[in-house]
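Chemist: predicted model and sequence below, questions to follow.
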Amino acid sequence: MNSKNFLILALCSTLLACSQGDIEIHEQSNMSKKDFEGSWIVLNYWADWCPPCIKEIPELSNFAANNPHVYVLGYNFDRLAGEELTKQLKKFKHNYPALLSNPFDIWGIEPPSTLPATYFINSEGDVLFESRKPIDEKSISDLLQSLQETF
């Protein structure tokens, strides 16, 4: 099998798996890509060693609380899981869902080379915008509104 065919097979397997409830959320039930259909998603990469990331967490929490129609997801850059992730989530008062599944497997998002990184994904599952600078609740709201009006 050549590398092109292998990549196509791997992508199809990943998409099929994600459509069957294989998107893992820390301490919550698995979801599928279909669960996100029709909703906008704000995905934020964070790490405990990134001061701007830690500063963003309350902003994202407030945005999530004030916008229940938008999925706000966090993804730990260091791929923490289990008790170690639980400790950090509590420490930083991270109260929106923590994605365990790799965003690349779901939306094709490559790991960012720098943090912070926040991605805006439309209701069809397309990544429309990537922010590589610290973001606050107002910026998230304004940017999301602008993207929704444009797309």
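Modeler: Yep, that arrived. Residues are numbered from 1 along each chain as shown.
Chemist: identify the bridge partners of the residue most central in space within the chain.
Modeler: In the chain, the residue lying closest to the centroid (CA atoms, centre = their mean) is residue 43, at 2.8 Å. Going by DSSP bridges, residue 43 is paired in beta bridges with residue 73, residue 119.
Chemist: quick one, helices of the protein?
Modeler: 3-18, 51-66, 82-91, 103-107, 137-150 (DSSP state H).
Chemist: ok, the residue nearest to the centre of the chain to residue 83 distance?
Modeler: According to CB to CB, to the nearest Å, residue 43 stands 23 Å off from residue 83. Placement of C-beta: from N, CA and C, glycine included.
Chemist: repeat for residue 134
Modeler: Taking CB to CB, one finds residue 134 at 28 Å from residue 83.
Chemist: over to residue 52?
Modeler: Distance from residue 52 to residue 83, by CB to CB: 26 Å.
Chemist: these two - which one has more neighbours?
Modeler: Between residue 52 and residue 83, counted using other CB atoms under 10 Å, residue 52 has the larger neighbour count: 12 against 8.
Chemist: what pLDDT does the more buried one get?
Modeler: With respect to pLDDT, residue 52 scores 97.
Chemist: ok, and the closest non-adjacent residue to it?
Modeler: residue 134 (4.2 Å; CB to CB, 6 or more residues apart in numbering).
Chemist: how about residue 31?
Modeler: Going by CB to CB, 6+ apart, residue 31 has residue 23 as its nearest residue, at 4.6 Å.
Chemist: residues touching the residue nearest to the centre of the chain, list them.
Modeler: 73-75, 99, 103, 107, 109, 118-119, 121 (CB atoms under 8 Å, 6 or more residues apart in numbering).
Chemist: same thing with residue 45?
Modeler: Contacts of residue 45 (CB under 8 Å, 6+ apart): 53, 74-77, 103, 111-112, 115-118.
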